[in-house]
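Colleague: Using only what follows, build the 3D model:
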Amino acid sequence: MRSALLTGINEIAVREAPAPVLKSPADVLLQVEAVGVCGSDVHYYRCGGIGAQAVEFPWALGHECAGRVVKTGSDIRRLRPGQRVAIDPLAPCGQCDQCRAGRPHTCRHQNFLGCPGQLPGALAEYLVMPAECCYPVPDSMTPAQTVMVEPFSIAIHAQRLARPEPGAKIAVLGSGPIGLCVLLALRASGDCSIYATDLVEGRLEVARRLGARWAGNPRSTNIVAAMAEHEPDGVDFVFECAGEQETLDQGVELLNWVVMRGALTGRVSKLHSNYHIPISNTASAMLMLENAAVEVRQAA
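Modeller: Numbering: from 1, shown residues only. From the prediction side, this is the model:
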């Protein structure tokens, strides 16, 4: 089969690779129909790693994917050849304390598609995954729509963690694919006022079309001051979807203008380095930090 391999910094080559085979009666062989490009994939491509996760070249990237069942292991009854599926890229061990507690997305021995040293990514013609990671979708869904199940599941989980009440005032910092998914999940959950930011004007325009009350670019606008004009007492929730220290700092400020509010800030993005929270600015607040990392099964 053919596989697109990261062969060096800013280098990808399509090469022939051995086709994967079923290794467990609980596995499924899939033909890959579509693959999305995550920000983490871009970081691996440009930098060769994220923190301690360093790529050993060559390596296949890609974890946002859709596929069609080709063959199932002998234990599988709920899937059949020809069926189209959305794929959860995280394969849990099923044995650790986290898995036994019903939190497979925080499995201590997880294997993640495209993550260095774990599972080769989905940028290939075929893929083998545990059947528990495969979720049937109707034929009416396109492969591109099916790819979006994974990032949108993260947004739904983040919204469920926050549990905003009707009328909540919310800041979404970063309006890339994840931030826009969060915006959609919040809009679907009920009436709320959403304020969005991003460095790319085209993304801000999409955020406005999707229902953001206000959207601004920190390169040309003082975000904290601009939002204060709309919400002088601060916002109730901040969803950090950019993975930058600057947006984390902004999030704390947005929650703490006039009244030090009880609040939650949802960290939805994947941070690429260590970061800090300015505790001195939150000394008299009830600040709760939630990590919204999750995969498909948690939001299904």
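Colleague: So, low pLDDT: which residues of the stretch 201-300 of the chain?
Modeller: For the stretch 201-300 of the chain, the stretches with pLDDT under 70 are 256-275, 277-300.
Colleague: 50 instead, please
Modeller: By pLDDT under 50, the low-scoring segments of the stretch 201-300 of the chain are 257-267, 283-284, 294-300.
Colleague: in it, which spans are strands?
Modeller: With DSSP state E, counting those that start in this stretch as the criterion, the stretch 201-300 of the chain has strands at 214-216, 237-240, 262-267, 286-291.
Colleague: The stretch 1-150 of the chain now?
Modeller: 2-8, 11-16, 27-36, 49-50, 53-54, 59-60, 64-72, 84-87, 90-91, 111-112, 126-130, 134-136.
Colleague: which residues touch Leu210?
Modeller: Leu210 makes contact with Leu180, Leu183, Leu184, Arg187, according to Cβ atoms under 8 Å, 6 or more residues apart in numbering. All C-beta atoms are positioned from the backbone trio N, CA, C, and that covers glycine.
Colleague: Just say helix, strand or coil for the first one.
Modeller: Going back to what we said before, that points to Leu180. With DSSP: H, G, I helix; E, B strand; the rest coil as the basis, Leu180 sits in helix.
Colleague: change the start of the numbering to 71 and stick with it
Modeller: Understood, numbering begins at 71; the last thing we discussed is Leu250.
Colleague: circling back to that earlier point, so for Val294, which of the strands of the stretch 71-220 of the chain sits nearest?
Modeller: Among the strands of the stretch 71-220 of the chain, strand 119-120 comes nearest to Val294, with 28.3 Å by Cβ to Cβ.
Colleague: what's the closest of the strands of the stretch 71-220 of the chain to Ala232?
Modeller: strand 160-161 (21.9 Å).
Colleague: State the mean pLDDT of that closest one.
Modeller: For strand 160-161, mean pLDDT rounds to 96.
Colleague: How about stretch 168-177?
Modeller: The average pLDDT for stretch 168-177 rounds to 92.
Colleague: Relative to Val270, how far out is the nearest residue to Leu274 once chain neighbours are set aside?
Modeller: Once flanking residues are discounted, Leu274 sits nearest to Ala285: 4.2 Å by Cβ to Cβ, 6 or more residues apart in numbering. Plainly put, Ala285 is 11 Å away from Val270 if you go by Cβ to Cβ, to the nearest Å.
Colleague: Touching both of the two, which residues are there?
Modeller: Applying Cβ under 8 Å, 6+ apart, one finds that Ala285 and Val270 are jointly contacted by Ser245.
Colleague: neighbour-wise, which of those two wins?
Modeller: When Ala285 and Val270 are compared for neighbours, Ala285 comes out ahead with 23 against 12, by other Cβ atoms under 10 Å.
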